[in-house]
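**Q** here you go, sequence then predicted model.
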Protein chains: 2
Amino acid sequence: MRDGQIALQGVQVNRKKDSAPTINDVARLSGVSKKTVSRVINRSPLLNQATRERVEAVIADLGYVPNPQARALALRRNFLIGLIHDNPNAQMVLNFQEGVLDAIRETEFALVVRPVDRHSPRLLDDVRNFLERQRLYGVLLLPPISENDALAALCTELGCNYVRMGSAKLDDDAHLVESNDRQAVTHAMAYLAELGHRRVGLVAGPEGFRSARERMLGYHDGVAHHGFDTGQDLIAGGNYTFESGLAAGVRLLDANPRPTAIFASNDEMAAGVLHAARQRGIDVPRDLSIVGFDDTAIAAHIWPPLTTVRWPIVPMARAAAAKLIGPGEEASQPSLFLSDLIRRASSVPPSR
Amino acid sequence: MRDGQIALQGVQVNRKKDSAPTINDVARLSGVSKKTVSRVINRSPLLNQATRERVEAVIADLGYVPNPQARALALRRNFLIGLIHDNPNAQMVLNFQEGVLDAIRETEFALVVRPVDRHSPRLLDDVRNFLERQRLYGVLLLPPISENDALAALCTELGCNYVRMGSAKLDDDAHLVESNDRQAVTHAMAYLAELGHRRVGLVAGPEGFRSARERMLGYHDGVAHHGFDTGQDLIAGGNYTFESGLAAGVRLLDANPRPTAIFASNDEMAAGVLHAARQRGIDVPRDLSIVGFDDTAIAAHIWPPLTTVRWPIVPMARAAAAKLIGPGEEASQPSLFLSDLIRRASSVPPSR
DNA sequence: TTGTAGGCGTTATCAT
DNA sequence: ATGATAACGCCTACAA
């Protein structure tokens, strides 16, 4: 006969030893019903203090851990948070994971990762499949796919809570953690102005990326505010890759007159610009200052170390996770995070 | 009265519309028992073809997806694979995740990530807690914590399957996917010998890391085989960080005579050596060749692009995941992966 | 080949 | 404040 049933008859006292203890074992050994144990686990307020302590003692003694699958089944929701991303960049994804883990440490939540391909025609089906299968508690969307409104709509349709990371007002406060890329770039431009630059080039990010747009707007704000030179030969497009930065760098550096400084919309492209300068014998920073964005690992490890904008991704991730799992009122507060300009050797006053 | 019970009475035909369809809905609408539906889901061989097709049609029609929590409860194991790592390096972790995702795509498995702190005294408790809570199907252990035998023992104790990634024979074939770091470094040394180098420095990895030891052994093999110069001023220790590589580079480059080439046990340290050379006005590659290990993103993006050893992490990850979830016979086959030397501009014949 | 009864470990409902 | 009973959605054992 089964263990649990024996227990109900009050005959057997020792539990089976060959599998993890269950709520029944705890109930039997502490002489209460399983519902009471359940109340202890879930910190129900209406519980006799003595009862609670007795049960807790048994739990500790047994090393009992509630089975999350059973919980998930009964509660009709699990404790998994999904992280959906399209690998914008390894360091960023990992930092984000770290922040989320910070937030869910000591909770029963776990983090499930799901890289996707934003160019796949099956993107939405992929995500739908994932969400339907796993029935996640909620998902976190990283840029750039966080900018995809269809994805957010899909989450809503499937009854899956979500929080998006974005560099602009993509959604309402309950579903968004925001950075201020535009303003951050404007600050960087002000810094270049202080150094004495008046002719600053831009390597823009790919079209369709909100972050790229915001950073470009920040550039234009700066150009206008400080009266920098303007012109199409000061602007080149890129797609956030090293190679595109290299190509853009070549274009900008072949212009005449050459810019004395270049702002690249991310660090990888900035590294590409640096290569382009090297290939042309242009000394950085003496003949060309470079400023990047993101402060990824590469920024501090190339030569010269790169001046760049650092956005607080770990705190942002923590906030996003908290927004997802936290109580309602807190979750609907706006979350805006400010970025810092990290000044390194790649930017100096212009030599000409 | 509940939907399922009504169904058993054969009275109601339409299912409730406000929640996902269950196995009961499918059973009712296709006029078979839940068990038969269950057999369809689980591809039982003993099923009438016609029955199967009828049920499958209903499943498709309803958009039915089995509830993984209920499955997990009944099967007493879930379909989550854990990835436990101590962030050896962002690109590596992400590549690994990608490989695992490759392997579990189109399956019902999902990937749960769990970064840990290998220096924490609570490491084992942390992992124990995680495994007990989540009751994972199995876990993947990345270096360097994959080298921790106590962790593997813990998995065994908790009845959790595991696969370790390692640069040496850390475990039996069912629990190990192996790379050949030692041999890979020996190849790199042979390449330097071909170029004409005879005085090659080593930036070693941190003690206690198996990979560091294997790479060092490969260095010594190469030195012995090719009759390179030896001496303590040709060897410096590092801890796999950029900064430690910088410090080690300073030490090695202050030696007299200077090495004409340096092998750094990973790319980050190689980048540090490069910085050290720059600071001293030593031209790379003309006056100093540098070889790294890992082929992380930084390798191709610094100047000059770094010659390095690339180990096939994505295929290894795929193999590790397959080993975890695959059938027994296949899983107990040995898995050894070979690394390639990627030749880039940082290595040339010596100028002296 | 298919169905019935009951269990997996938890929580919800509604008593007491 | 506590307990009995019935879900939650799936699977296994055994029966037919």
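**A** All right, it came through fine.

**Q** which SS state does the nearest residue to A:Val250 once chain neighbours are set aside fall under?
**A** Nearest residue to A:Val250 in three dimensions, chain neighbours excluded: A:Ala276, at 4.8 Å (C-beta to C-beta, 6 or more residues apart in numbering or on different chains). The C-beta positions use only the backbone N, C-alpha and C, and glycine is treated the same way. Classification of A:Ala276 using DSSP: H, G, I helix; E, B strand; the rest coil returns helix.

**Q** ok, how many other residues are close to A:Ala276?
**A** 24 (other C-beta atoms under 10 Å in any protein chain shown).

**Q** so what's it up against?
**A** Neighbour list for A:Ala276: A:245-250, A:253 [criterion: C-beta atoms under 8 Å, 6 or more residues apart in numbering or on different chains].

**Q** need those in a markdown table (columns: neighbour count and secondary structure).
**A** Formatted as a markdown table, the contacts of A:Ala276 follow (neighbours: other C-beta atoms under 10 Å in any protein chain shown; DSSP: H, G, I helix; E, B strand; the rest coil):
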| residue | neighbour count | secondary structure |
| --- | --- | --- |
| A:Gly245 | 31 | helix |
| A:Leu246 | 22 | helix |
| A:Ala247 | 20 | helix |
| A:Ala248 | 26 | helix |
| A:Gly249 | 31 | helix |
| A:Val250 | 17 | helix |
| A:Leu253 | 21 | helix |
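
**Q** how far out from the middle of the chain is the longest helix belonging to chain A?
**A** The residue-count maximum for a helix in chain A (DSSP state H) belongs to helix A:210-226. The chain centre lies 23 Å from the centre of helix A:210-226; the measure is C-alpha atoms, centre = their mean, to the nearest Å.

**Q** just checking, next helix/strand downstream of that helix?
**A** strand A:235-237 (DSSP states H and E).

**Q** returning to what we had before: on the pLDDT front, check the residue nearest to A:Val250 for me.
**A** If you check A:Ala276, the pLDDT there is 97.

**Q** and what of A:Asp287?
**A** A:Asp287 is given a pLDDT of 97.

**Q** just A:Met1 next, same as before
**A** So A:Met1 comes in at 32 (pLDDT).

**Q** please name the residues that touch the closest residue to A:Val185 other than its chain neighbours.
**A** The shortest distance from A:Val185 to any non-neighbouring residue, by C-beta to C-beta, 6+ apart, is to A:Gly218 (2.7 Å). Neighbour list for A:Gly218: A:181-186, A:188-189 [criterion: C-beta under 8 Å, 6+ apart].

**Q** hang on, A:Leu170 is in a strand, isn't it?
**A** No. Counting by three-state DSSP, one finds A:Leu170 to be coil, located in no strand.

**Q** can you tell me how far it is from DNA strand D?
**A** Per C-beta to the nearest atom of the strand, to the nearest Å, A:Leu170 is found 33 Å from DNA strand D.

**Q** I figured that residue hits A:Ser211, correct?
**A** No. Shown here, A:Leu170 and A:Ser211 do not form a contact pair, counting by C-beta atoms under 8 Å, at 10.8 Å.

**Q** thinking again about what came up before, what's the closest of the contacts of A:Gly218 to B:Ser289?
**A** A:Ala188 (36.4 Å; C-beta to C-beta).

**Q** check which helix or strand covers the closest one.
**A** Secondary structure (DSSP H and E) places A:Ala188 in helix A:181-195.

**Q** what does that helix rub up against?
**A** Here helix A:181-195 has contacts from A:167-168, A:200, A:211, A:214-215, A:217-219, A:221-223, A:225-226, A:228, A:261, A:263, A:289, A:291, A:293, A:307, A:309, A:311, A:338-341, A:343, A:347-350, using C-beta under 8 Å, 6+ apart.

**Q** mind listing what's buried in it?
**A** A:181-182, A:184-189, A:191-193, A:195 (16 or more other C-beta atoms under 10 Å in any protein chain shown).

**Q** many thanks, I have nothing further to ask.
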